[in-house]
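Trainee: build me a model from this:
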Amino acid sequence: MKILFTVSTYYPLADGVQTVTEYEAEELVNLGHDVTVVTEKRFGLSSDEIHNGVHIIRVDVSTKHTFFVGKKKEYRTLLIKLCSQIDCMINVCTQTATTELAFSILNQISCKKILYMHGMFDFKWHLNDVKSISSFLHKSWDSVRWWFHYKFSKKYIEKYDAIIHLHEMLNSSIFCKKHYNVKNYVVNNSANDSFFNDKNSFKNRENYAICVANYSPLKNQEFVLKAFYKAKTDISLVLIGSKKNEYYEKLCRLKKKLDHSYGERKVRLLYNIPRNEIADYVKGSTLYLFGSKIEMFPLSIVESMAAKIPFISTDVGIVRYFPGGRIIQSVTEMACWIDLLSQNNSVREFMGKSGYSYAIKKFSIENNVAKMNKILYEVTKQ
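Mentor: As a prediction, the model looks like this:
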């Protein structure tokens, strides 16, 4: 089967959507499919290349302040041409240029069409949305923008043959089932096999908590840092992000301030860590800490469960439906659970094993790509 993905980020960029799309595309190639990915062109990246059997085409379109910009006409022309030669197009995520710019030409695309949702805009108001005038204005604008968008996109979304969601309780799944007359499927996010196995190249057996996320105000590592210092445990903390940036520097300054207030603690802020080493860092940890402000189906929580590491997380996305961890509402609560779990091996091991038991059934790449493959054959035979 010939399959086309459109997605805003792909190799060599690193984020949750990219990771999921990449392993799905590559595993579908391994199953014998011909897979092409069309993605946004970023500075320094080639327009056309092959990576692990996947044909990658990069185009000059992007999303700026909720608007779609770039070479829109050329992008649509490219999609029409590519779709005349394939069996199924999969548009990954709404609210992105690579999906939304295809809406107006769906009538001209004769192949089967799947919309792959990684959640949608959260219309609920949260405390973080009113912490400043800037955050209030951003939330207000985005709420109006995306409310009208989803209301008037019904005529386009119902042109898809199927919609895939990450979880039945995700906001996009609930919304689409209620408002759109399209068949819905669920394919969970997956952890790489390296997180499930017990092999670990690390020789250092220190006790440490870990958080793996791009350095960003939305990922909110400062929440984790404050909770760690407030806890009375003697374990250390490892933060891993993709690269240095302004927020990374802010965290470094915050660490110095917290050292002054609480006494110096062992904290490592790492970046540019190879993917295979991240698995070793997670498997070697004692606790997984997650302070994100906005998430849908965080892949890093999935990976901690696969590694039998209990998580302590803010109440974001669908994490509340996962076994193997605790949901907290404040820095103080996270600090309390850091102390409790770091000092109680039996409780920590029980939570880790319960998360692993769930993950091995729900979050393996092999099982979820097989489910994806089955959906593709069902849709293309309609």
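Trainee: quick one: mean pLDDT over the helix or strand hosting Glu277.
Mentor: For Glu277, the element it lies in under DSSP states H and E is helix 275-283. Averaged across helix 275-283, pLDDT comes to 92.
Trainee: confirm that Arg58 sits in a strand.
Mentor: Yes: applying DSSP: H, G, I helix; E, B strand; the rest coil, one finds Arg58 inside a strand.
Trainee: next one: the helix or strand of the chain with the lowest mean pLDDT to chain centre, how far?
Mentor: Within the chain, no helix or strand scores below helix 133-152, which has a mean of 82 by mean pLDDT, DSSP states H and E. How far helix 133-152 lies from its chain's middle: 22 Å, per Cα atoms, centre = their mean, to the nearest Å.
Trainee: could you do stretch 211-226 as well?
Mentor: Relative to the centre of its chain, stretch 211-226 is centred 14 Å away, using Cα atoms, centre = their mean.
Trainee: start to end distance for that stretch?
Mentor: 13 Å (Cα to Cα, to the nearest Å).
Trainee: show me the contact partners of that stretch.
Mentor: Stretch 211-226 has contacts (Cβ atoms under 8 Å, 6 or more residues apart in numbering) with 14-15, 237-245, 247-248, 250-251, 254-255, 258, 267, 271, 278, 281-282, 288-294, 300, 303, 314, 331, 334. Bear in mind the C-beta positions are built from the backbone N, C-alpha and C, glycine included.
Trainee: now with 7 Å?
Mentor: Under the criterion Cβ atoms under 7 Å, 6 or more residues apart in numbering, residues 15, 239-242, 245, 247-248, 251, 254-255, 258, 278, 282, 289-294, 300, 331 lie in contact with stretch 211-226.
Trainee: please apply the same query to stretch 77-88.
Mentor: 1-4, 36, 38, 59, 89, 102, 105, 108-109, 111-112, 114, 376, 379-380.
Trainee: stretch 256-264 too?
Mentor: Defining contact as Cβ under 7 Å, 6+ apart, one finds that stretch 256-264 is touched by 225, 229, 265.
Trainee: who wins for neighbours among those?
Mentor: Leu225 (24 neighbours; other Cβ atoms under 10 Å).
Trainee: per-residue pLDDT, that one?
Mentor: Looking at Leu225, its pLDDT is 98.
Trainee: circling back: starting at the chain centroid, how far to the helix holding Glu277?
Mentor: That offset, for helix 275-283, works out to 17 Å (Cα atoms, centre = their mean).
Trainee: mind listing the helices for the stretch 251-382 of the chain?
Mentor: 275-283, 299-306, 331-343, 345-362, 365-380 (DSSP state H, counting those that start in this stretch).
Trainee: dump these into JSON lines; add distance to Phe196 and mean neighbour count as well.
Mentor: What follows is those, written out as JSON lines (distance: least, Cβ to Cβ, whole Å; neighbours: other Cβ atoms under 10 Å):
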{"stretch": "helix 275-283", "distance to Phe196": "9", "mean neighbour count": "18"}
{"stretch": "helix 299-306", "distance to Phe196": "5", "mean neighbour count": "28"}
{"stretch": "helix 331-343", "distance to Phe196": "21", "mean neighbour count": "19"}
{"stretch": "helix 345-362", "distance to Phe196": "7", "mean neighbour count": "16"}
{"stretch": "helix 365-380", "distance to Phe196": "10", "mean neighbour count": "16"}
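Trainee: out of those, which comes closest to His55?
Mentor: helix 365-380 (17.3 Å; Cβ to Cβ).
Trainee: Met351 contacts Phe322, doesn't it?
Mentor: No: Met351 lies out of contact with Phe322 (Cβ atoms under 7 Å); the separation is 10.8 Å.
Trainee: how far does stretch 149-161 sit from its chain's centre?
Mentor: 24 Å.
Trainee: any buried residues in it, and which?
Mentor: Buried positions in stretch 149-161, judged by neighbour count with 16 or more other Cβ atoms under 10 Å: 150, 153, 156-157, 160-161.
Trainee: distance to His118 for the residues you listed - can I get that in JSON lines?
Mentor: Below are the buried residues of stretch 149-161 laid out as JSON lines (distance: Cβ to Cβ, whole Å):
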{"residue": "Tyr150", "distance to His118": "15"}
{"residue": "Ser153", "distance to His118": "16"}
{"residue": "Tyr156", "distance to His118": "18"}
{"residue": "Ile157", "distance to His118": "15"}
{"residue": "Tyr160", "distance to His118": "15"}
{"residue": "Asp161", "distance to His118": "19"}
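Trainee: where does confidence bottom out across those residues?
Mentor: Comparing those by pLDDT, Tyr150 comes last, at 81.
Trainee: got a list of what that one touches?
Mentor: With contacts defined as Cβ under 7 Å, 6+ apart, Tyr150 has no neighbours.
Trainee: can you check Ser194 too?
Mentor: So Ser194 contacts 276, 279 (Cβ under 7 Å, 6+ apart).
Trainee: how about the spatially closest residue to Val316 that is not a sequence neighbour, phi and psi?
Mentor: Counting by Cβ to Cβ, 6 or more residues apart in numbering, Val316 lies nearest to Glu295, which is 4.0 Å off, once chain neighbours are set aside. Backbone torsions of Glu295, given as degrees, to the nearest 10, read phi -150, psi 160.
Trainee: distance check, Glu295 against Lys232.
Mentor: Glu295 is 28 Å from Lys232, where distance means Cβ to Cβ, to the nearest Å.
Trainee: looking at those two now, which is surrounded by more residues?
Mentor: Neighbour count, other Cβ under 10 Å: between Glu295 and Lys232, Glu295 has more, with 23 against 11.
Trainee: quick one: low-confidence ranges for this protein?
Mentor: Within the chain, the stretches with pLDDT under 70 are 201-204.
Trainee: how is it partitioned into domains?
Mentor: The chain breaks down into these domains under automatic domain parsing: 2-190+364-380, 193-362.
Trainee: next one: the shortest one to chain centre, how far?
Mentor: The offset between the C-alpha centroid of domain 193-362 and the centroid of the whole chain comes to 16 Å, using Cα atoms, centre = their mean.
Trainee: cool, thanks, talk later.
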